[in-house]
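**Student:** Pasting a predicted model and its sequence here:
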Amino acid sequence: MAEPIVVIGAGGFGREVLDVISAINEASPEAIWEVLGVVDDSPTPANLARLEKRGVTYLGGTEVPLGWQEPSSYVVGIGSPSVRRVLAERYDASSFQAAVLVHPTATHGYDVSIDHGTVVCAGVRLTTNIALGRHVHLNLNGTVGHDTTLGDFVSVNPLASVSGDCVLEDDVLIGVGGVVLNGVTVGKGATVGGSACVVRDVPPGVVVKGVPAR
Ligand SMILES: CC(=O)SCCNC(=O)CCNC(=O)[C@H](O)C(C)(C)COP(=O)(O)OP(=O)(O)OC[C@H]1O[C@@H](n2cnc3c(N)ncnc32)[C@H](O)[C@@H]1OP(=O)(O)O
């Protein structure tokens, strides 16, 4: 029987997560997930119309499921690591279970661990001896090389490439098409701009951009 799931976030990534769930269901002989609906504290009218068009129920604000008698699985479909952390901590403190969602076209090698709440989108390539923390987002066609660790709430945006022997600490965001060269540590909460090339360690909390990233 399909497992019920709530998606948090009606924005772009929330609806891309719905696509990941659909692809997982379509690739399986029987549906794995039953989407109960989407929650969002301030959905735009355009995004509500987009949900309605695809036949997905808008359940209300993010607090609504927390009052349910029968909790389900959930996933946070919001790109910002800090916003995702706040929401996940509220749901994790309840009886909800954070789902792991891996698109069927993603691939991984030997010894890859994926913690709760993590979403791996279409075309992602993970090689070997990689650890992904809680509520990590690996967006379309991203790559992660050998012996690399991603902390909790890390976001790797589309087409970004994280090389081998890297550490992305908690709450790091790698912008679209960003490159992290091998052996680099990106400090907690740092942001790497789109198309940047990170050639040396990045201190916690800073924003770097450009080639080489500064
Ligand atoms: C499916 C999806 O949509 S997934 C989402 C994909 N999007 C991303 O990954 C976005 C990643 N974010 C970025 O690249 C951002 O621009 C950041 C984080 C680097 C900077 O954001 P902000 O601090 O708000 O920068 P802001 O827009 O004010 O620009 C400041 C300056 O940096 C420049 N700049 C902004 N981003 C970049 C970048 N990625 N590379 C080089 N320069 C940049 C701007 O041109 C501006 O330069 P100026 O002062 O000479 O005019």
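**Tutor:** That came in fine, so what should we check first?
**Student:** If we ignore the residues flanking it in sequence, what's nearest the residue nearest the centre of the chain?
**Tutor:** Taking C-alpha atoms, centre = their mean, the centroid of the chain lies closest to His137, which sits 2.1 Å from it. Sequence neighbours aside, Ser155 is the residue nearest to His137 in space, at 4.6 Å (criterion: C-beta to C-beta, 6 or more residues apart in numbering). Just so you know, the C-beta spots here come from the backbone N, C-alpha and C atoms, and that holds for glycine as well.
**Student:** Please list all residues in contact with the one you found.
**Tutor:** By C-beta atoms under 8 Å, 6 or more residues apart in numbering, the residues touching Ser155 are Gly79, Ser80, Pro81, Arg84, Val136, His137, Asn139, Val172, Leu173, Ile174.
**Student:** domain assignment for this structure?
**Tutor:** 3-99, 100-214 (automatic domain parsing).
**Student:** which one of these is the most hemmed in?
**Tutor:** A comparison of the domains of the chain by mean neighbour count, using mean count of other C-beta atoms under 10 Å, puts domain 100-214 on top with a mean of 20.
**Student:** Give me the mean pLDDT for it.
**Tutor:** Domain 100-214 carries an average pLDDT of 98.
**Student:** Okay, helices next: where are they in the protein?
**Tutor:** Taking DSSP state H as the test, the helices found in the chain are 12-26, 45-53, 81-92.
**Student:** What residues does this protein have near the ligand?
**Tutor:** 12, 139, 157-158, 175-176, 191, 193-196, 207, 209-210 (C-beta under 6 Å from any ligand atom).
**Student:** If we use 8 Å, what do you get?
**Tutor:** 12-13, 16, 79, 139-140, 157-158, 160, 173-178, 191-196, 207-210 (C-beta under 8 Å from any ligand atom).
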